[in-house]
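Trainee: Quick one: sequence plus predicted model below, questions after.
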Amino acid sequence: MADLFADDPPPSRTAEPMREDAPLADRLRPRDLSQVIGQEHLTGPEGAIGRMVAAGKLSSMILWGPPGTGKTSIARLLADSVGMRYEAVSAVFTGVADLKKAFAAADKAAEAGQRTLLFVDEIHRFNRAQQDGFLPFVERGTVTLVGATTENPSFALNAALLSRAQVLILERLGHEALGNLLNRAEALEGPLPLTPEARDALVASADGDGRFLLNQAETLYAANIPEPLDPAGLGKFLQRRVAVYDKDRDGHYNLISALHKAVRGSDPQAALYYLARMLTAGEEPRYLARRLVRMAVEDIGLADPNALVQCMAARDTYEFLGSPEGELALAQACLYLATAPKSNAVYKAQKAAWRSAKETGSLMPPANILNAPTKLMKDIGYGSGYTYDHDADEGFSGDNYWPEEMEPQTYYEPVERGFERKVRERIAYWDKLRAERG
């Protein structure tokens, strides 16, 4: 195991001096969790990781997120944060024999009173049988498993493993977070040979991947470029798509705002124009695919549920075909959104429900709708009096599902457009039955 993973850091790695010839991304690796950029929702005091570290005890977890968002860094820092032994394997290079050695080493460490954090990169690449092999060691606490994956765990990991690990979602790094990462690079290496516009274009071209951004920056530093590059020069130098907006450095933000407003305003011609402006300027198509998905759920929602389906299909089509063929799918999704009936009822309902959930805290649901898997739960009334809706007249019991201390709320109010017109009729009918049976 030691030979196979010789590059893996020991438990005290974050305290060791960094080699001067190490890659820039490695030299800028955070030394504690507070330095992790863009994942404060997890690493902050109120985040799941922050709370575990404060308590001094980790549970097994799956870190799910795009490339270059800090999964490996977080795993390395977690072990140091709670004084655990750190061992790392990659599903790309590791076989069953290597895993057995890792578990044996963890068992030996446990006998000496040392807990082991086992980091498994690309955990989704293990097959179902191999994933099952982790279960006994996780269950008896031989290792605390931290798996990293770019794939949806619901599909990539088996249910038994998921039931023993908390899934934590890492967010794609935003423009500000990537800019801060470049600031750290420039504090170490000096200013990049880029104009302000080209620097923004470099950040945009990273598409949320911090590792990619730092690798590109290192390429620029190594080239000893005499004069700062503009966006066009940067694209030519890197031989990859970078956004080149002719008129102002805020073109990226202005045009995506214009595209969103044109879709919301049901102007398919203008929406297609702004999509074309961004694509021909060199904007990353995956970024536009994500924004179209956002428009589908924010501005259309259940007025046309197929809007989201169209956008996800366009995303998948682009990944399958690439540019330029795949961009036709983005155009189709854009036109579908612009011509679809509009509703922000789901968007408003989500905000209202989230606000209400925070305000009401931990109110218990009524006892009759709670499951009663034990005799004690049955004895105290769990499940007592529950009406199975399928057995009720018209498949509707009219029961109250709200906590006793809380009045029923109305978060979702469908509009009189598109499919939501039918949804509105259904809700009104159920409200009428509920009042009659109340």
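Mentor: That came in fine, so what should we check first?
Trainee: neighbours of the nearest residue in space to Leu170 that is not next to it in sequence, just the number please.
Mentor: Nearest non-adjacent residue to Leu170, counting by C-beta to C-beta, 6 or more residues apart in numbering: Gly65, 2.8 Å away. Just so you know, the C-beta spots here come from the backbone N, C-alpha and C atoms, and that holds for glycine as well. Residues lying near Gly65 (other C-beta atoms under 10 Å) number 22.
Trainee: distance of the closest residue to Thr43 other than its chain neighbours from Leu178?
Mentor: Once flanking residues are discounted, Thr43 sits nearest to Leu33: 4.7 Å by C-beta to C-beta, 6+ apart. Leu33 sits 19 Å away from Leu178, going by C-beta to C-beta, to the nearest Å.
Trainee: out of these two, which sits in the busier spot?
Mentor: The neighbour comparison of Leu33 against Leu178 (other C-beta under 10 Å) goes to Leu178, with 26 against 22.
Trainee: which residues sit against the longest helix belonging to the chain?
Mentor: Ranked by residue count under DSSP state H, the longest helix found in the chain is helix 418-437. By C-beta atoms under 8 Å, 6 or more residues apart in numbering, the list of residues contacting helix 418-437 from outside reads 300-305, 340-343, 345, 394, 396-398, 413-416.
Trainee: Narrow these to just the buried residues.
Mentor: Among the contacts of helix 418-437, those buried by neighbour count (16 or more other C-beta atoms under 10 Å) are 300-305, 340-343, 345, 397-398, 414-415.
Trainee: any weak-confidence spans in the chain?
Mentor: Scanning the chain for pLDDT under 70 picks out 1-20, 240-250, 438.
Trainee: where do the strands sit along the chain?
Mentor: Ranges of strands in the chain, per DSSP state E, are 61-64, 85-90, 116-121, 143-149, 166-169.
Trainee: Redo these as TSV? Include distance to Gln239.
Mentor: Output for the strands of the chain, formatted as TSV (distance: least, C-beta to C-beta, whole Å):
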stretch	distance to Gln239
strand 61-64	31
strand 85-90	29
strand 116-121	28
strand 143-149	29
strand 166-169	33
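Trainee: got those strands as a markdown table, with distance to Ala270 and mean neighbour count columns?
Mentor: Below are the strands of the chain laid out as a markdown table (distance: least, C-beta to C-beta, whole Å; neighbours: other C-beta atoms under 10 Å):
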| stretch | distance to Ala270 | mean neighbour count |
| --- | --- | --- |
| strand 61-64 | 37 | 24 |
| strand 85-90 | 48 | 21 |
| strand 116-121 | 45 | 24 |
| strand 143-149 | 39 | 25 |
| strand 166-169 | 34 | 16 |
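Trainee: Quick one: closest of those strands to Ala48.
Mentor: Nearest to Ala48, of all the strands of the chain, is strand 166-169, at 5.7 Å by C-beta to C-beta.
Trainee: gap between that closest one and the chain center?
Mentor: Mean-position distance between strand 166-169 and its chain equals 9 Å (C-alpha atoms, centre = their mean, to the nearest Å).
Trainee: Contacts for that strand, please.
Mentor: With contact meaning C-beta under 8 Å, 6+ apart, strand 166-169 is reached by 42, 48-49, 59-65, 153.
Trainee: Hmm, Tyr336 is touching Ala307, no?
Mentor: Yes. Here Tyr336 reaches Ala307: they are 6.3 Å apart, a contact under C-beta atoms under 8 Å.
Trainee: what about those two, which has more around it?
Mentor: Applying other C-beta under 10 Å to Tyr336 and Ala307 shows that Ala307 carries more neighbours, namely 27 against 22.
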